[in-house]
Every structure is written in structure tokens, then in C-alpha cells.
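Participant: sequence unavailable; structure follows:
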Ligand SMILES: [Fe+2]
């Protein structure tokens, strides 16, 4: 932090800082603790969450970030200007070792539909400044620029795509899972720490800290509020509820491992207290309103799902169509359909993890058991449910597969009779490496699937009451730093007319 910023903070309304610092944390002199940056999330019309974590030595093997067990006061400021001359709110939170000295401040009482800036101070150190935004008021529908992505494997490449996302100056960012990867150090362009597969709270914390130290990721968090959901790698590859996918490393109590992973995820994300973990459970599915323009239904397709039918992988597996099978769990399915039926905004945006539309891998009907194709009755109930409820503009937003895809969601995939929604699938930030600009992926087996691109990047959407424009953004390389971003393909979805149109 520059001297100017420090002075501004002191002059800008913390005249009582001496009093505030006389609290429980005053005795602990700590080195610069904001090594993991700042973040905001969960925007509502009257506030959002601001996050940081104190970690002067973020990669210490004990997962405590170089902090003692003492609680530390963390002052925060929210202003309407980048220089913090117009303070909107200030306060002090207490960072405790039980939450790895993370801070989640849930702001309320802010103005709808406007930009804010925030920062933290602890033990005389001042954090970077973050920019956030409240959602617009219900009854209004200003245009929304939203980016979404998934699958950021630290070893597979540099996080340039996160940097490019920050440069887009979005209103909102969604991360749809695989924010970290759990494996040990491999042979990528940079190495995981800890070096082994992570299974304990201490090493899930170190892994999250390794990722959060990345300056490109910090830039993306600092530019806009994020809404996050996990996929599998935040815990373990292709796990299903409490069923492990593999036995490497062997043994162990998977419920305890999931509890450690969920806790570390909460500690490192700008989530509300409603998402605090309870043992090996964490309520991650939730709804957010963006005025009367859009409603985000954020799903969790990992925590409650039945185990993959016929094992993982791509299979011909009639069991996948068993009506009793679920990827959402019955409670989340009912919650989603109830929310879609409320028709709260023009657009219903369903943020989730795995490929939703049918995608046959072979003429014999083989398909991916980890995706909704492994849980087809659950998908049918949701598709039929939104049609029955008059949901006009459903758009499913997906991650997981390390490719860009775009698809029309069909009432009946066999007959291709009617388009009833749209699916936009983001590629990865890095997972899969540089990819191939020329690789083809669409197939006559899946006429409703229109676009495929095996390069890294993210998806940009600009949404208004009349249309949702989508640009599939790609970088030619992520194994080399600082490549530019470009648009590989664009579509428009017209309100009231589901499906992909030429822009
Ligand atoms: Fe992934």
C-alpha cells in the first residue's frame, strides 16, 4: 500500500481507530497480512459480502497463515469513491483462528444498483482496494454485464484469463466450480503446494492460499462481486455425496475429508453466514435477484447426488435413466422448481456445474455418467417443471468440461421437437492447458448442440430485458503468460424465444 492510501484511510473517518485497535488484536504485531487479496460476493439490492483473510505467511504447512491463535480486529471501510473520501459505512470485524483469520462482513443498508469500494486494515496494515456493486432494485432492469467461468487448475497454466476478466470491468462474476484442484504436484507450468493430494483442513487451507496468492486471480476478485458454487475438485475428483470416486490416497474418513474441504472453501470465499459449514454439510444452493432483470438460481450438484451410474466415465448405461436417481436431491429439486415458478425476473439463470443438455458420445447412446445425462429423470422433471410453470427465459450456465459449448435445450432430445431453453457452457481458466483452436466437437448425434471450442477463457454475457448477448472469450495460450483475449463466437438469446440466434 502506498503512503497516500494509508494517510487517506487515517483521515477518511477512522478518527476512532486508536479506540478500535485497543481491542483484542492490539497486542499482536503482524507482518503484512493481506497476501491473499480481497473479495466481494453475494450482491443484494442493499449490500454484499466483503472478504479477506489475514495470512502473513500464507503457505505455512499448518494452514494458519503465520497467525497465532489470538483474535485480531480488522477494520473495514466502504466508500462510494475509490479514494475513500465519501465513506458509506465503516466497522470492525474480529478475525479468529477457528476460521483461519478470514473475515466475512455482510453489509446491509447500501443503495441499490451502484458501485462501492472497500478495504481493510489490521495491525497497521491496509489491504488492496476492492470494487463491488449492489444489485439493482426490484422493479428496475438495467443492463447487466456478467462473466462466468470454471476450472482454474494452478498447474495447468497462468491465470491470464482471470486478468482479462478483470479488464472487462464486469458488474458480476460467477465461478461454477473447480476453483482449486485437490491433486498433488504434477508436471504443469507451476507446482501445487502442498505437494501431495490434499485431505486435511491444514492442507486444504494451504492450497486455497496458494491459489489466492495469484495476482491475476486477486485482480478478478477485486473488480466485482462474485457468486460461487463448487464442483468436485474443491473436495475430490468426481465424488458423489459421501461416495468417493477413487482410492488415491487410500483409506480415510471421506465425511471428515469433505468437512475439511467445505470448511476451507467457506473460509476462502465471499459467502454469507448462511453458507457456513455444519460438519460435512454446507448449504450452497441459493437464489440471488438482480432487480427485475434476472434471477440467479445457483445449484449444488455434488453434495446430494446419487453415485454415478455404472461407475464414472462415458458409458452405455440404462440405469442412468432410473426415475429414482437424483443429481440435485429431492429438496433442491423442489426448491429450484418453486423458484422458477415465481418468475421473479425476465431471465432465470441457472448457475450449476455439469453439462445439462443431452450429449450423446456415440450412436449406441453412450454418455457421460458424471453429467445430467447420468440422471436423466431428474433433468426431465426440471425441464417439464419449468414448462409447466411458464418459465419463459431459462438459461443454464455450466462449467466442468474445459470446453466452450452452446446448446439449445430441447423438450425431447430424440425428436428435437421444440427448444425450451438455452445452455451456455464455459471453458476453463487453465484446466486442459492451451487446447486447440481448430479441434471440432459438435456431432450429428446432438443437433441441438451448436458450438464447441477447446481453448481456455470465460463467457461474457450482456443481458437486457429484450436479449441476452453471449460472447465466448478465448486465449490462444495459458502456458505462456499474458496472452490477449478474443471472441471465438457470439450468439443472442431473445427474450421470449429460447435458443441460440445469430447476433
Ligand atoms: Fe474441472
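Facilitator: Okay, I see it. Everything numeric in this text was worked out from a predicted model, so none of it was measured.
Participant: show me the contacts for the residue nearest the centre of the chain.
Facilitator: Among the residues of the chain, the one closest to the centroid is residue 175, at 2.2 Å (Cα atoms, centre = their mean). By Cβ atoms under 8 Å, 6 or more residues apart in numbering, the contact set of residue 175 is 148, 149, 150, 152, 226, 227, 228, 229, 399. For every residue, glycine as well, the C-beta is placed using N, CA and C.
Participant: the worst-scoring helix or strand of the chain on mean pLDDT: what's the following helix or strand?
Facilitator: Using mean pLDDT, DSSP states H and E, the weakest-scoring helix or strand in the chain turns out to be helix 17-21, at a mean of 37. Sequence-wise, the next helix or strand downstream of helix 17-21 (DSSP states H and E) is strand 38-44.
Participant: contacts for that following strand next, please.
Facilitator: With Cβ under 8 Å, 6+ apart, strand 38-44 has contacts from 48-52, 106, 118-120, 127-135, 172, 218, 221-222, 224-228, 269-272, 288-290.
Participant: tilt between the next helix or strand after it and strand 38-44?
Facilitator: Following strand 38-44 in sequence order, the next helix or strand is strand 47-53 (DSSP H and E). Going by axes from the mean of the first three to the mean of the last three Cα atoms, to 10 degrees, strand 47-53 is angled at 160 degrees with respect to strand 38-44.
Participant: list the helices and strands strand 47-53 packs on?
Facilitator: strand 38-44, strand 72-79, strand 102-106, strand 115-122, strand 130-133 (3 or more Cβ pairs under 8 Å, 6 or more residues apart in numbering; DSSP states H and E).
Participant: show me the contacts for the residue of the stretch 301-450 of the chain found nearest the ion.
Facilitator: Relative to the ion, the nearest point of the stretch 301-450 of the chain is residue 431 (4.7 Å; Cβ to the ion). Listed by Cβ under 8 Å, 6+ apart, the contact partners of residue 431 are 151, 152, 153, 156, 178, 181, 402, 456.
Participant: can you tell me the SS state at it?
Facilitator: Following DSSP: H, G, I helix; E, B strand; the rest coil, residue 431 is assigned to coil.
Participant: over to it: give its phi and psi.
Facilitator: phi -60, psi 130 (degrees, to the nearest 10).
Participant: next one: the nearest residue to residue 187 once chain neighbours are set aside from residue 458, what distance?
Facilitator: Using Cβ to Cβ, 6 or more residues apart in numbering and skipping residues adjacent in sequence, the residue nearest residue 187 is residue 155, 7.7 Å away. For residue 155, the distance to residue 458 equals 19 Å [Cβ to Cβ, to the nearest Å].
Participant: neighbour count: these two, which is higher?
Facilitator: residue 458 (29 against 18; other Cβ atoms under 10 Å).
Participant: got the contact list for the residue nearest to residue 484 when sequence neighbours are not counted?
Facilitator: Once flanking residues are discounted, residue 484 sits nearest to residue 475: 7.1 Å by Cβ to Cβ, 6+ apart. Contacts for residue 475 (Cβ under 8 Å, 6+ apart) come out as 160, 161, 164, 455, 456, 457, 483, 484, 485, 486.
Participant: picking that back up, would you confirm that the residue nearest to residue 187 contacts residue 182?
Facilitator: No: using Cβ atoms under 8 Å as the test, residue 155 is too far from residue 182 to be in contact (11.8 Å).
Participant: restrict the contacts of residue 475 to the buried ones and give me that as a ChimeraX selection.
Facilitator: Buried members of these, defined by 16 or more other Cβ atoms under 10 Å, are picked up in ChimeraX with:
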select :160,161,164,455,456,457,483,485
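Participant: would you reformat the contacts of residue 475 as CSV and include pLDDT?
Facilitator: CSV is the format used below for those (pLDDT from 0 to 100):
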residue, pLDDT
160, 98
161, 98
164, 98
455, 98
456, 98
457, 98
483, 98
484, 98
485, 98
486, 98
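Participant: from the contacts of residue 475, which ones fall inside strands?
Facilitator: Here DSSP state E is the test, and the contacts of residue 475 give 456, 457, 486 as lying in strands.
Participant: ok, these vs the ion, which is closest?
Facilitator: For the ones in strands among the contacts of residue 475, the nearest to the ion is residue 456 (11.6 Å; Cβ to the ion).
Participant: look up the closest residue to the closest one, ignoring the ones flanking it.
Facilitator: residue 478 (4.8 Å).
Participant: do residue 153 as well
Facilitator: residue 431 (4.2 Å).
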